[in-house]
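What follows is a predicted structure for the sequence shown.
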Amino acid sequence: MKAQPLIRRRVVVAADAFAEVVVWRVPEAVPPSSHSFQYRLAYVVRGECVIRYDNERGKGDHRHAGGTETAHAFTTAERLMTVFGADVMRWYCECGRTCGSLPDRDARWCRQRDEVGP
């Protein structure tokens, strides 16, 4: 079986920012990952990738942000999407964007996060 594309989507978040999600089901895990997905979730602002979650041979599941790369624990594709979405909203609110310009549910998340901390 060849890699099977599951999703490839680009969502415009602002005039100068977009999120891109690409996920494939693979016949064998990409070492050292132990799951059957290969993925790339990226948030790009003004042409610069500011957040990225991906897995690649030899590195496994990891996150890029602020010029650093850290391992992250992949549990499910749904959880990965949730964590990525929260990271995008956090960046949006913390890096000079106006949370009020987000849809109401997202702006509410930012206000709650500000009240209780990250």
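Ah, there it is. Numbering: from 1, shown residues only.

Mind giving me the packing neighbours of whichever strand or helix holds Ile7?
Taking DSSP states H and E as the definition, one finds Ile7 inside strand 4-14. Here strand 4-14 is seen to pack against strand 17-25, strand 37-45 when contacts are counted using 3 or more CB pairs under 8 Å, 6 or more residues apart in numbering; DSSP states H and E. Glycine gets a C-beta too; all of them are placed from N, C-alpha and C.

most packed of those strands?
With neighbours taken as mean count of other CB atoms under 10 Å, the helices and strands packed on strand 4-14 reach their highest mean count in strand 37-45, at a mean of 20.

what element comes up after it heading to the C-terminus?
Strand 37-45 is succeeded, C-terminally, by strand 48-56 (DSSP H and E).

any idea how far that following strand is from the chain center?
The chain centroid and the centroid of strand 48-56 are separated by 7 Å, computed with CA atoms, centre = their mean, to the nearest Å.

Show the average pLDDT along the very next helix or strand once past it.
The helix or strand immediately downstream of strand 48-56 is strand 60-65, counting by DSSP H and E. What strand 60-65 shows for mean pLDDT is 93.

Strand 60-65: partners in the sheet, and parallel or antiparallel?
Sheet pairing for strand 60-65, assigned by DSSP bridges, gives strand 48-56 (antiparallel), strand 68-71 (antiparallel).
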